[in-house]
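Student: sharing a model prediction with you, sequence too.
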Amino acid sequence: MEHGELPAADLIDGKGMSGAAVSRHLKVLREAGLVQQRIKGPQRIYSIQPEGLRAIADWTISKRQFWESSLDRLGDILERENSWPT
């Protein structure tokens, strides 16, 4: 996101993943509407789709109360289990 558009090769360099693996991930992200691809000569140029990320953020925020209360209950259970004599 910080760099705007990037060629696929720049996304691969130094990431410890093969080009094929990055390509598969980018395909999934494209299909999910999270990245956009444009073709410039032999290059595939990728950019973030802010609308897709915004949808994820909105969904996550809408589920925040559920997860916080669930994690609080889990914390209570773990505390009780740790305080039981062995």
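Tutor: Structure's in. What do you need?
Student: tell me which residues of the longest helix along the chain are tucked away?
Tutor: Secondary structure of the chain per DSSP state H: the longest helix is helix 64-83. Within helix 64-83, no residue is scored as buried using 16 or more other C-beta atoms under 10 Å. For the C-beta atoms, the positions are set from N, CA and C on the backbone; glycine is no exception.
Student: residue 50 versus residue 56, what's the distance?
Tutor: Using C-beta to C-beta, to the nearest Å, residue 56 is found at 11 Å from residue 50.
Student: other residues contacting the worst-scoring helix or strand of the chain on mean pLDDT?
Tutor: Least confident helix or strand of the chain, by mean pLDDT, DSSP states H and E, is helix 8-12 with a mean of 82. Contact with helix 8-12 is made by 3, 18, 19, 22, 23, 26, 43, 44, 45, 46, as judged by C-beta atoms under 8 Å, 6 or more residues apart in numbering.
Student: restricted to strands, list those.
Tutor: 43, 44, 45, 46 (DSSP state E).
Student: contact partners for the last one?
Tutor: With contacts taken as C-beta under 8 Å, 6+ apart, residue 46 has the following neighbours: 5, 6, 7, 8, 11, 26, 35, 36, 37.
Student: ok, now how distant is it from residue 82?
Tutor: Separation of residue 46 from residue 82 (C-beta to C-beta) stands at 46 Å.
Student: what about residue 78, distance to residue 4?
Tutor: In terms of C-beta to C-beta, residue 78 sits 44 Å off from residue 4.
Student: how is this structure divided into domains?
Tutor: With domains defined by automatic domain parsing, the chain comprises 1-48, 50-86.
Student: would you mark the buried spots in stretch 35-47?
Tutor: 35, 44, 45, 46.
Student: now the last one: how far from residue 2?
Tutor: To residue 2, residue 46 is 13 Å away according to C-beta to C-beta.
Student: burial count for residue 24?
Tutor: For residue 24, the tally of surrounding residues (other C-beta atoms under 10 Å) stands at 12.
Student: tell me the pLDDT of it.
Tutor: With respect to pLDDT, residue 24 scores 92.
Student: residue 1 too?
Tutor: In this model, residue 1 carries a pLDDT of 59.
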